[in-house]
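J.: Build me a model from this:
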Amino acid sequence: MKNDFILVLGAGGNIGGKIAHELLAAGATVAVAGRNRARLQQFENKATILAGDFADDLFLQQAFENTTTLFLTVPDEHLANPAATAARLGKLLQASRVKHIVNISNSIIAKAGAPTRLVAFEQELNKLAHVPILHLRCANFYENLNWGLHTPYAPDLKLPYIASYEVARVAAYHLLSPGFTGKTVAVLLGPRDYSMAELAAAAGETYEQLPYTSANEHFYRPFNEGDFEVEERTSDNTSQLRDARFTLEYFLENDLVRQPLSTDQ
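T.: Take a look at the predicted model:
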């Protein structure tokens with residue numbers, strides 16, 4: 001029998017890759033899964049590499065075969081129908097040996113009067129009675145700024161932001177020592193809320209609010225009009241910044257990708 005492992009879905013992406021590195025640094029037996037094998041090559045000779053598509057039932061079934069603990073992140077296109085995706089995963093997990101799941105979610109819990117897609121997906125996953133699930137409701141990653149420092153967000157609209165390195169550290173902790181039971185939520189809001197004007201200024205730019213487009217108005221308008229709900233900030237869910245990589249300054253110096261000003265966002 002092959003060794004059991006912690007499986008990280010989406011390991012070729014921003015958060016999944018960081019979680020996999022945290023787990024490997026802790027000496028865990030890890031499998032990494034993703035669509036793009038080239039993006040998984042960083043784990044060659046360090047982890048079991050599983051290249052395949054989330055939409056492929058056989059691929060997921062085989063990936064779950066020797067998995068005891070799962071980090072779950074779902075491609076955005078599969079969140080269009082949260083109930084169907086959760087039901088599909090439930091069937092595949094029923095025959096697996098997965099005992100715990102850490103699922104990535106978001107601290108924006110409602111928008112325009114309805115649960116956000118990630119929270120709706122949480123609610124559907126919670127119907128899976130046979131496996132404990134921890135939902136990490138995270139603030140926006142600083143990497144969101146790589147979409148552009150200038151957006152249709154109102155300049156003074158404040159939202160919580162967090163370093164993906166910090167989320168990876170917390171996720172890895174729970175994957176390594178999965179003591180949670182039932183269906184639980186952990187909220188991670190970063191050190192404080194920031195406006196886009198503040199974030200742009202920290203990056204040395206003057207913020208310019210872009211106009212809505214037909215493609216993005218449904219996303220930005222509810223925020224600008226206050227039609228959203230975010231997790232309440234407490235001392236427990238506010239970052240203590242115990243690592244330099246957890247700070248905005250580290251992101252701006254090391255991971256910010258400057259984008260030209262555009263009205264096409």
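J.: Could I get the contacting residues of residue 252?
T.: Neighbouring residues of residue 252 by C-beta atoms under 8 Å, 6 or more residues apart in numbering: 202, 203. Every C-beta, even on glycine, is put in place using the N, C-alpha and C of the backbone.
J.: where's it relative to residue 26, distance?
T.: Relative to residue 26, residue 252 is positioned 28 Å away (C-beta to C-beta, to the nearest Å).
J.: Can you show me the strands along the stretch 101-250 of the chain?
T.: For the stretch 101-250 of the chain, strands defined by DSSP state E, counting those that start in this stretch occupy the ranges 108-111, 114-115, 133-138, 140-141, 158-162, 183-188, 193-195, 228-230.
J.: can you list contacts of the third one?
T.: Applying C-beta under 8 Å, 6+ apart, the set of residues contacting strand 133-138 from outside is 100-107, 109, 119, 122, 125-126, 162, 167, 170-171, 174, 178, 180, 183-188, 231.
J.: Now do it against strand 158-162, angle only.
T.: Angle of strand 133-138 versus strand 158-162, following axes from the mean of the first three to the mean of the last three C-alpha atoms, to 10 degrees, is 120 degrees.
J.: residues in contact with the residue nearest the centre of the chain?
T.: By C-alpha atoms, centre = their mean, the chain has its centre lying nearest to residue 104, at 4.6 Å. By C-beta under 8 Å, 6+ apart, the contact list for residue 104 reads 15, 71, 72, 73, 118, 136, 138, 167, 171.
J.: so residue 17 is in which element?
T.: helix 14-25 (DSSP states H and E).
J.: Show me what that helix packs onto, helices and strands only.
T.: Secondary-structure packing of helix 14-25 (3 or more C-beta pairs under 8 Å, 6 or more residues apart in numbering; DSSP states H and E): strand 5-9, strand 30-34, helix 164-176.
J.: so which of these comes closest to residue 93?
T.: Proximity to residue 93 (C-beta to C-beta) singles out strand 5-9 among the helices and strands packed on helix 14-25, at 11.2 Å.
J.: Name the strands paired with that closest one and say parallel or antiparallel.
T.: strand 30-34 (parallel), strand 67-72 (parallel) (DSSP bridges).
J.: Relative to residue 257, which of these is closest?
T.: Of those, nearest to residue 257 by C-beta to C-beta is strand 30-34, at 20.5 Å.
J.: Show me what whichever helix or strand comes after the closest one is packed up against.
T.: Note on strand 30-34: by DSSP H and E, the next helix or strand toward the C-terminus is helix 37-40. Applying 3+ C-beta pairs under 8 Å, 6+ apart, one finds that helix 37-40 contacts strand 30-34, strand 48-51.
J.: Can I get helix 37-40 in CSV, CA atoms only?
T.: C-alpha atoms of helix 37-40 as CSV (Å, rounded to 0.1, in the frame of the first residue of the first chain):
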residue,chain,number,x,y,z
ARG,A,37,1.9,19.8,-14.6
ALA,A,38,4.5,22.4,-15.4
ARG,A,39,3.4,24.5,-12.5
LEU,A,40,3.8,21.5,-10.2
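J.: Could you check it and say which residues are buried?
T.: Residues of helix 37-40 classed as buried by neighbour count (16 or more other C-beta atoms under 10 Å): 39, 40.
J.: which residues are contacting that helix?
T.: Outside helix 37-40, the residues that touch it by C-beta under 8 Å, 6+ apart are 11, 12, 13, 17, 32, 33, 34, 49, 51.
J.: Just give me the neighbour total for residue 244.
T.: Residue neighbour count, defined by other C-beta atoms under 10 Å, stands at 12 for residue 244.
J.: how about the nearest residue to it, chain neighbours excluded?
T.: In this structure, residue 244 finds its nearest non-sequential neighbour in residue 250, 5.4 Å apart by C-beta to C-beta, 6 or more residues apart in numbering.
J.: Could I get the strands of the stretch 101-250 of the chain in JSON lines, plus columns for mean pLDDT, distance to residue 57 and mean neighbour count?
T.: Formatted as JSON lines, those follow (pLDDT from 0 to 100; distance: least, C-beta to C-beta, whole Å; neighbours: other C-beta atoms under 10 Å):
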{"stretch": "strand 108-111", "mean pLDDT": "97", "distance to residue 57": "30", "mean neighbour count": "19"}
{"stretch": "strand 114-115", "mean pLDDT": "96", "distance to residue 57": "26", "mean neighbour count": "13"}
{"stretch": "strand 133-138", "mean pLDDT": "98", "distance to residue 57": "20", "mean neighbour count": "23"}
{"stretch": "strand 140-141", "mean pLDDT": "98", "distance to residue 57": "30", "mean neighbour count": "20"}
{"stretch": "strand 158-162", "mean pLDDT": "98", "distance to residue 57": "33", "mean neighbour count": "21"}
{"stretch": "strand 183-188", "mean pLDDT": "98", "distance to residue 57": "24", "mean neighbour count": "18"}
{"stretch": "strand 193-195", "mean pLDDT": "98", "distance to residue 57": "41", "mean neighbour count": "18"}
{"stretch": "strand 228-230", "mean pLDDT": "98", "distance to residue 57": "35", "mean neighbour count": "17"}
